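Participant: Model the structure of this input:
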Amino acid sequence: MSTDDEVTGAAPARRRVVLTGISSRSWEHPADRGALAALRELRGFDDVLKALSGLWNERALRLEYLGSAIRVDHRQYPRVYRLFAEAAATLDIAELPELYVQYDRSINGMCIGMSKPFLVVNSGALELLDDEELRCLLGHELGHLLSGHALYRTMAMVLHDWATRLAWLPVGSLALRAISAGLREWWRKAELSSDRAGLLAVQDPHVALRLGMKLAGGGDLSEVDVTAFLEQAAEYERAGDLRDSMIKVGMVLDRTHPLPVARAAALRSWVDSGEYQRILAGEYLRRDDPRASSVREDVKAAADSYRETFARSQDPLVSLLRRLGDGAGEWVGSGAGRVRDWMAGGRRPRANGGESSRADNPWSAEADDDQPGDPT
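Facilitator: Sure, this is the predicted structure:
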């Protein structure tokens, strides 16, 4: 298996495995993958949107950045171009999309467009991130591109607009709120998927963690402790009482992105699961795999993911629901299981008492407004 410095001719301090032919399904969060599978079933809808977008909206967006930002290549921002090419090589992307740098002092990036997507990063990311952190951010945006998030988010928003037209019905308003909440929940999971792509592009969990810390507190980490930040993430998950739980629910519902500490915790959990190391070892889905993805299996995996999250959560409200046993806790906790069983044709799940092995924890060596694309 080759390394990306061999592909690009660069000589980075460390060598990264090129994930030849990797499919984005290998790193996508189960809930993200389930939503994408459902949207992809709307055959023809994506082609229509691509055609309409290419005729006007996407052209206008590209011209806007062509006229007001700096297009990255070997002459303009060569450092960024090198890191961009290396991140793309690691994820086995043969053709680089266009990349622009716009003036904005915050750390952010976007994947824009459906017919021919392109990437935009803020000048603040160039100023506040070191090479490895910037590589991780660029890998995050490339992850959005490979998953087609910009296209399918647009599809979802069109469906949302259609539902809006029915809001005048007696149950229309409630249905619309449910759809809106579902779309935001999916997008938060899409961000977790692309965080994994960013990690795979840089292949250093500590770098991905530092990027999360800078998203939370800015570019200077000289007085920030890694262990304390992870403890803060754990405290956010479990601390407080039911009042805090309800506040956290309200904080997240209207957001398209998870909170930075929650993103760091989710990425650490993915690394701890062993999936990250298995991908680096070559155990991943390939783009040319002749086996078509199963919508049923993807939806089942999404339901199982929510059920497992419910079972592991230390949030006071979730803990209370679990303790209610045969009451609300059992109903909520088994809801995802009912969906899974229904998707399986009514079969009861098999008992599984085994435990998955945990990989060594590489984290322990060191102690939003919606936009017409994808903000980091």
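Participant: all helices for the stretch 1-150 of the chain, in order.
Facilitator: Secondary structure of the stretch 1-150 of the chain by DSSP state H, counting those that start in this stretch: the helices cover 4-8, 30-40, 45-55, 57-68, 78-90, 123-128, 131-147, 149-164.
Participant: So for A87, what's the pLDDT?
Facilitator: Model confidence at A87, given as pLDDT, is 97.
Participant: er, L126 actually
Facilitator: 96.
Participant: quick one, what contacts it?
Facilitator: Going by Cβ atoms under 8 Å, 6 or more residues apart in numbering, L126 touches Y77, V80, V101, L134. Placement of C-beta: from N, CA and C, glycine included.
Participant: I'd like those residues as CSV, with pLDDT appended.
Facilitator: Output for the contacts of L126, formatted as CSV (pLDDT from 0 to 100):
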residue, pLDDT
Y77, 97
V80, 97
V101, 98
L134, 97
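Participant: what would those look like in CSV with neighbour count and distance to A37?
Facilitator: Below are the contacts of L126 laid out as CSV (neighbours: other Cβ atoms under 10 Å; distance: Cβ to Cβ, whole Å):
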residue, neighbour count, distance to A37
Y77, 20, 37
V80, 21, 34
V101, 21, 34
L134, 24, 32
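Participant: Closest to L36 out of those residues?
Facilitator: Comparing the contacts of L126 against L36 with Cβ to Cβ places L134 closest, at 27.0 Å.
Participant: ok, the closest residue to the closest one other than its chain neighbours to L129 distance?
Facilitator: Spatially, and ignoring its direct neighbours in sequence, L134 is nearest to L83 (5.5 Å; Cβ to Cβ, 6 or more residues apart in numbering). For L83, the distance to L129 equals 10 Å [Cβ to Cβ, to the nearest Å].
Participant: where does this protein have low pLDDT?
Facilitator: 1-14, 39-56, 155-163, 166-179, 239, 290-296, 298-323, 325-375 (pLDDT under 70).
Participant: Do you have the strands of it handy? List them.
Facilitator: With DSSP state E as the criterion, the chain has strands at 70-71, 99-102, 109-112, 118-122.
Participant: Packing partners of the shortest one?
Facilitator: When you say that, I think you mean strand 70-71. strand 99-102 (3 or more Cβ pairs under 8 Å, 6 or more residues apart in numbering; DSSP states H and E).
Participant: and the strand it packs on, which strands flank it?
Facilitator: strand 70-71 (antiparallel), strand 118-122 (parallel) (DSSP bridges).
Participant: which residues are in contact with that strand?
Facilitator: If you take Cβ under 8 Å, 6+ apart as the criterion, strand 99-102 is touched by 65-66, 68-72, 77, 80-81, 84, 118-123, 126, 138.
Participant: Only whichever of those are buried, select them in ChimeraX.
Facilitator: With 16 or more other Cβ atoms under 10 Å as the burial test, the buried ones among the contacts of strand 99-102 are selected in ChimeraX as follows:
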select :65,69,70,72,77,80,81,84,118,119,120,121,122,123,126,138
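Participant: re the thing from before, please tabulate the strands of the chain in CSV, including the columns distance to W186.
Facilitator: Formatted as CSV, those follow (distance: least, Cβ to Cβ, whole Å):
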stretch, distance to W186
strand 70-71, 31
strand 99-102, 26
strand 109-112, 16
strand 118-122, 21
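Participant: Out of the ones you listed, which is closest to R210?
Facilitator: Nearest to R210 among these is strand 109-112 (16.1 Å), distances taken as Cβ to Cβ.
Participant: Could I have the CA atoms of the closest one written out in PDB?
Facilitator: Taking Å, rounded to 0.1, in the frame of the first residue of the first chain, the C-alpha atoms of strand 109-112 are listed here in PDB:
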ATOM      1  CA  GLY A 109     -14.600  26.000   5.500                       C
ATOM      2  CA  MET A 110     -17.300  25.100   3.100                       C
ATOM      3  CA  CYS A 111     -18.100  22.600   0.300                       C
ATOM      4  CA  ILE A 112     -20.300  24.300  -2.200                       C
END
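Participant: which strands and helices sit next to that strand?
Facilitator: Packing partners of strand 109-112 (3+ Cβ pairs under 8 Å, 6+ apart): strand 118-122, helix 131-147, helix 149-164.
Participant: Mean neighbour count, those: which tops it?
Facilitator: Most buried of the helices and strands packed on strand 109-112, by mean neighbour count (mean count of other Cβ atoms under 10 Å): helix 131-147, with a mean of 26.
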